[in-house]
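Trainee: I would like to see how this sequence folds:
(chains A and B)
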There are 2 protein chains.
Amino acid sequence: MSMRTNYCGLTNEELLGQTVSLCGWVHRRRDHGGVIFIDLRDREGLVQIVCNPDAVEVFKAAESVRNEFCLRVTGVVRPRPDGTVNNNLKSGKIEVVCDMLEVLNASVTPPFQLDDDNLSETTRLTHRVLDLRRPQMQNNLRLRYKVTMEVRKFLDANGFIDIETPMLTKSTPEGARDYLVPSRVNAGEFFALPQSPQLFKQLLMVANFDRYYQITKCFRDEDLRADRQPEFTQIDCETSFMSEQEIRDMFENMMRLIFKNTLDIDLPNPFPVMDYFEAMGLYGSDKPDMRVKLQFTDLTEVMKDVDFKVFSGAANMPNGRVVGMRVPGGANMPRSEIDAYTQFVAIYGAKGLAYIKVNEVAKGRDGLQSPIVKNLHDAALTQILALTGAQDGDLIFFGADKAKIVNDAIGALRVKVGHSEFGKNNGLFENVWKPLWVIDFPMFEYDEANDRWSATHHPFTAPKDGHEDLMESDPGNCISKAYDMVLNGWELGGGSVRIHRADVQSKVFRALKIDAEEAQLKFGFLLDALQYGAPPHGGLAFGLDRIVTMMTGAESIRDVIAFPKTQRAQCLLTQAPSAVDEKQLRELHIRLRAVEPVIKG
Amino acid sequence: MSMRTNYCGLTNEELLGQTVSLCGWVHRRRDHGGVIFIDLRDREGLVQIVCNPDAVEVFKAAESVRNEFCLRVTGVVRPRPDGTVNNNLKSGKIEVVCDMLEVLNASVTPPFQLDDDNLSETTRLTHRVLDLRRPQMQNNLRLRYKVTMEVRKFLDANGFIDIETPMLTKSTPEGARDYLVPSRVNAGEFFALPQSPQLFKQLLMVANFDRYYQITKCFRDEDLRADRQPEFTQIDCETSFMSEQEIRDMFENMMRLIFKNTLDIDLPNPFPVMDYFEAMGLYGSDKPDMRVKLQFTDLTEVMKDVDFKVFSGAANMPNGRVVGMRVPGGANMPRSEIDAYTQFVAIYGAKGLAYIKVNEVAKGRDGLQSPIVKNLHDAALTQILALTGAQDGDLIFFGADKAKIVNDAIGALRVKVGHSEFGKNNGLFENVWKPLWVIDFPMFEYDEANDRWSATHHPFTAPKDGHEDLMESDPGNCISKAYDMVLNGWELGGGSVRIHRADVQSKVFRALKIDAEEAQLKFGFLLDALQYGAPPHGGLAFGLDRIVTMMTGAESIRDVIAFPKTQRAQCLLTQAPSAVDEKQLRELHIRLRAVEPVIKG
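Mentor: Got it, this is the predicted structure:
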C-alpha cells in the first residue's frame, strides 16, 4: 500500500467523496469551534485537513502537532462549507475529513517563520533546508528545472547531443583564475576545474559529432560580485556546418521557446540585431537595456573648439569622447535628483555631470539653463539642440572623458534614469522583454597595462570574412564573428564562429604575441586537431543561473541555486571550505604556506 | 543559404532527382574507369559522391582530396547503377553526381587508418579526436546520450526534478579519498569534489522537493582499475514518501524502458529479487552473474570431522567456509583446464583448488576420482553427492578457507567456468540479460583492521523495520533497507531507504563509534535538517558509465567517455595534470613538498 495517493496541493473537487492518503508538513494549525484545521503542505501546495473531536484518536494526535511536523493523513474529500472556499488554492474548494493521522516525524520549532520575508541572507543560507521549503524557492528551482528540460527538448529535436567533457582538465593561465586540484598520483602536478568546455567542444566538432550541447558546471576563482558564483552553470552548445546567421536563428528560436513554454511570454520574432559599434555609440554598452528609451548623441566633433575645457579637453584627447543624453521632460527633474545622479556617475569614474535644461528651444541660448552654457559658443549650442533633437522641457546630460569612462558612466546613468520613478512616469521605460543580438565585436582590444592586443572574446573566434589579414596589419579594425544575446541589459549568452583552420589560428596567436612554443604548450591539442580537416563550426554558451534569475525576478542568482556560496565563497550550510588532515595534504604532495593573518568578514 | 541541406548518411532514394548540399569527410576515394568516387562521411554515415571528368573543375578538385579532408559538395541524387547497390548503407541505393566540390579544410595524413581495429589505447587516447571519428565511438557516445534522454524523460514523467548540487563541497574523510581544491579566499582551507551528492539529495528531500534526480559527475581519488575513472557519472535519484518496494518498482521500470527504447531489448518483468545472504550463499557474490548456471553447495557442516585438514580446518575456523560447486558434464574437462583454474583462484587468495570427478554415482566412493577422496569418510562423500545433486559425468570444485576467500575465489571461478568455451558448450551459460535485485544487506560489516563495525552501504541507510535496537545490541545481525540492482554480474546501481529520524541516525553513529562531537562536525548539517520534520525518503544511484559500457558491449568504460583518463589518471590528449606557476600556488596558500623521485610508467 502506498504512503500517499495524491499530492496535497493537487487534491481538488475531482476527488470529492474519495478517500485519499496525503503526506506533508503542517503549515498552520488552527483550533476553531472545537475542530482542528491543519493546512498540510507538500511541494504542490496546501490542503485543508479537518480533525473532528468525535474522531478521538485523530483529534488527540492533531492536538500534538506543531508547525513543520511531517504527517501522513487519510480521509475523505468533501466540499468546503459555503463561505469558506479559498479560490487562491487549487485545493480551495475542498477539505479532507481526517480519519487517520500519523506523525511521520516531529519538528523542533523552526528558527524563523517560513513566510517571514525579512530574513538576512546569512540566516537563509545557514538554514538553507528550511529556506528551500518556502514557496518562492520551490518555484525558482522548479522553473530552473523546466527551463533546462525545455532546452534539452529543443536541442534534442534539433539533433544536438549531450556529451560530457572532463571536470579534471589542464590549467591554462589565460582569462580568469583557475581552481586547481592537486594530483596524488602525479606528484607536483595539478588539474584545473574547467572555466568552460570551450576547447573540448571544438574538439568534438572536429571529431564529427556535428551538434553538441551540455548543461554543465564551470568554475572561475574570481572575486565575487552580487551575480557571480565560484561554480556556475552553462548551457554550452556547438555546431558544425552552420553560418553565423543560422546559429543565431537557432538559438533565438530556443530562447523564444523557453519563454513561451515556461512563462507563456512571447519574445519578439526576430530579435533585433545591432552591431557592437552602434551599441557602444548609442548606449555606451555592449549589452544595452532596450527597455530604456534614452540614447547617446555623440558630440565629440562639436566640442573640439569650445571654451569649456572639460568638453574640449575630452574631445581632443586620444580615446576621448563627449556625448549628450537627452531626457525628454527632464527640465522638471528636481535638483536633488540631478545631484544624486552626479554622485552616481562618480562611481564609474566621471568627474562631474554637466547638464542643460532646455526651457525653450526657440529662444536659443536664452532658452537654456545651465552653468556651462556661457562657455559654449552659439554654433555648439545649435548643434547640441539639433543633434539631440531636444524639445522644450527636456534635459540634456553630458559625459566628457576617456570614452570608456563616458560609456560606463553615462551608460549606467541611462539605465538608472530609465528605471527611476521619473523615468517610469515620463514614458522613458517600457516594461517588456527586450532581447537583441549584439554582433560584429572587434577581434581584439588593446591591453594598455601589458601594451599588447588581447582577444575580446577568446582567441579561437573567427575573424569576419575578408578581415583575416587585418589581424596582423590593423588589429584594432579587425571585426570578429562573435555575437552576444542580450535581454533587458543582461548578457544571456555569447558565442562565435570559431577558427577551423590551423593557419588562421596561428595568425591569431601571432597577433596576440603568443609564440609558437607557448601556443603549442597551451593549445597544442587544439592546433593538432585543426590539422585533420576540422569543419567550420561555431556555437555559444548561455548562463543558466542568470537566465533563471531574470525569469523568476529573483534578486540574486543565489535565489535560483539550491546550495550557493556566499560572496566569500563559503557554504554556510556545510561550512565548506574547511581545514583538512595533514595526512591528506601529504598524499597530495603539498603543504600549507605559513599562514598570514586573515581577517574574515 | 545553408551550407548543408541533408546529412550524408541519411541521403536516400526519397531524394531522387533533387539537388542536395552535403558536408563531411573523405572516408575513401576511388578512381575507377576515369571517374572519381568519394565516400563522404558525416555522423549519420556514408554517401557515394560521383565526380565525372566532364565536370572539369569538380574533377580537378576531386583529384586533390585525400582521406579526412573536409568537403562541401552539391549535386543531384540519382539511383546507383544496377549491381552497385550497397544494402549495408542507408544511402546505398543512391549516389550524388557532384556539380560543386569545395574543400572546407585539408587534412594532413592521419597517424592511423580510422578502420584499424588494432590500435593501442595510448595511440587512441593521444589522438582521441580522430579516434572519436570511428563509427564505434560515435555509436557509443550517441547511445550514452540516448540513455540519458530516456532517463530524463522517464523521471520527468514521474515527477522527478533535476536539481544541481555543489561541486565545491566539504571534505569528509569517510569512504574513498577526496579530490581537494585549495581555497584562495579562505587561506589554509579546502573544498572537496563530491564523491556523491548523497547528503545534498537527502537535504533536498527534507526541503520538500519530493522527487529529485541529477545526472552528475562524482569524484574518487582511488587507485584506478580497468573499470574506474577519477571522475565518473552517476544517475542520482531520491524520493520522499515511497516504500522500498515502490522505489525498486520505479527504477526497474526505468531500466526496462531504457533497454526497450534504446536497444529494443525486453528485460524481465518483474526483476527477480534475492536477499544478500542467499546471494552470498549460492554465488559467493552480492552481484551474481545469473547467466551462469552454476551454484555453490554449502558443505561447511559436512566437513567438520573429515581427515582432509584443508576442509576440516576451514570448516572449524571462525568465519570459515567450505563449498562445493557442481559443474554438470565437467568430468570431461581436460586436466590442463583444471590446472589453469587452480592458478586462477590463487589470484583471489585460494591456496589450491580441490575437485572430484563424478564418474559413476551408483558406485559410491569407487565412482569418484580425486586425490582427496581417500581422506573423506563415506558419510561425507554421500552428503557431497546428495547435497550437490551430482550426476554421472559431473565435476565438483571445492573451496575451503575463510569465507571471504572462498566466496571471492569460487565466485570468480563460477563466472570463469560459465563464460568459458566449456561452459558455453555445456549449457552452463545463457546468453541473455539477467537483471536482479539483491536486497536485505547487513547494516554493518566488521572492520577487523580497526576492530570496529563500519557501514556496509553508508551510515545514512535505514535499518529494517524492527531492527533498530539490533544496531547496538547485535550489529552483526542487523539488516538494512539497502538494495542493489545487478545485471549480468555488474552492479548497475544501488541505494537504500534512508534514516529520516535524528534519534535513529544518532544510534547508527553510536554503533559506528562516531561520537557526538565528531558526528556534529562531519554531518551536523544533516543532523540539524533531520530535526525539522524530515520525511521518510530513499533513493539510489546508477553508474552511467558502467550501464552504457554494458549496453554497448565496450571493453572498457573508457570507450563510452569522450575524454577519459588513463589508469595513471592522466589525459593523454591535453597532458593534464601538469605543473602550474608558482604564482598560482602562492595565491592558494600552498607549496609543493620536496619532490620525492617519482617513476612514471
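
Trainee: any residues touching whichever helix or strand A:Gln245 is part of, and which ones?
Mentor: Per DSSP states H and E: A:Gln245 is located in helix A:244-263. Helix A:244-263 has contacts (CB atoms under 8 Å, 6 or more residues apart in numbering or on different chains) with A:143, A:146-147, A:150-151, A:154-155, A:158, A:237, A:239, A:242, A:265-267, A:269-271, A:273, A:433, A:435, A:437, A:439, A:481, A:483, A:485, A:492-493, A:495, A:497, A:538-540, A:542, A:547, A:551, B:2. Every residue, glycine included, has its C-beta placed from N, CA and C.

Trainee: in it, what counts as buried?
Mentor: A:244, A:246-248, A:250-252, A:254-259, A:262 (16 or more other CB atoms under 10 Å in any protein chain shown).

Trainee: same thing with stretch A:230-241?
Mentor: Buried, per 16+ other CB under 10 Å, within stretch A:230-241: A:230-241.

Trainee: what does stretch A:177-196 give?
Mentor: Residues of stretch A:177-196 classed as buried: A:177-196 (neighbour count, 16+ other CB under 10 Å).

Trainee: Same check on stretch A:55-69?
Mentor: A:55, A:58-59, A:61-62, A:65, A:67-69.

Trainee: Dump those residues to a markdown table, plus distance to chain B and pLDDT.
Mentor: As requested, the buried residues of stretch A:55-69 are exported to a markdown table (distance: CB to the nearest CB, whole Å; pLDDT from 0 to 100):
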| residue | distance to chain B | pLDDT |
| --- | --- | --- |
| A:Ala55 | 23 | 94 |
| A:Val58 | 19 | 97 |
| A:Phe59 | 20 | 97 |
| A:Ala61 | 15 | 97 |
| A:Ala62 | 15 | 97 |
| A:Val65 | 10 | 97 |
| A:Asn67 | 9 | 96 |
| A:Glu68 | 5 | 97 |
| A:Phe69 | 5 | 98 |
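
Trainee: Give me the subset of the residues you listed lying in strands.
Mentor: Judged by DSSP state E, strands contain none of the buried residues of stretch A:55-69.

Trainee: Greatest separation within those residues: which pair is it?
Mentor: A:Ala55 and A:Glu68 (23.2 Å; CB to CB).

Trainee: Heading C-terminal from the longest strand along chain A, find the next helix or strand.
Mentor: When chain A is parsed with DSSP E, its longest strand is strand A:19-32. Counting by DSSP H and E, the next helix or strand C-terminal to strand A:19-32 is strand A:35-42.

Trainee: Do any residues in that next one lie close to chain B?
Mentor: Yes: Strand A:35-42 reaches chain B (CB under 8 Å from any CB of the partner chain) through A:41-42.

Trainee: Okay, buried residues for that strand please.
Mentor: A:36-42.

Trainee: mind listing what that strand pairs with, with the direction of each?
Mentor: If you go by DSSP bridges, strand A:35-42 pairs up with strand A:19-32 (antiparallel), strand A:45-51 (antiparallel).

Trainee: coming back round to it: give me the distance from the helix holding A:Gln245 to the chain's centre.
Mentor: Distance of helix A:244-263 from its chain centroid, counting by CA atoms, centre = their mean, to the nearest Å, is 17 Å.

Trainee: Show me which residues of the stretch 351-500 of chain A sit near chain B.
Mentor: For the stretch 351-500 of chain A, the contact set with chain B under CB under 8 Å from any CB comprises A:His500.

Trainee: Nearest residue to the residue of the stretch 351-500 of chain A found nearest chain B in space, please, no chain neighbours.
Mentor: Using CB to the nearest CB, the closest approach of the stretch 351-500 of chain A to chain B is made by A:His500 at 5.9 Å. Using CB to CB, 6 or more residues apart in numbering or on different chains and skipping residues adjacent in sequence, the residue nearest A:His500 is A:Ala534, 4.5 Å away.
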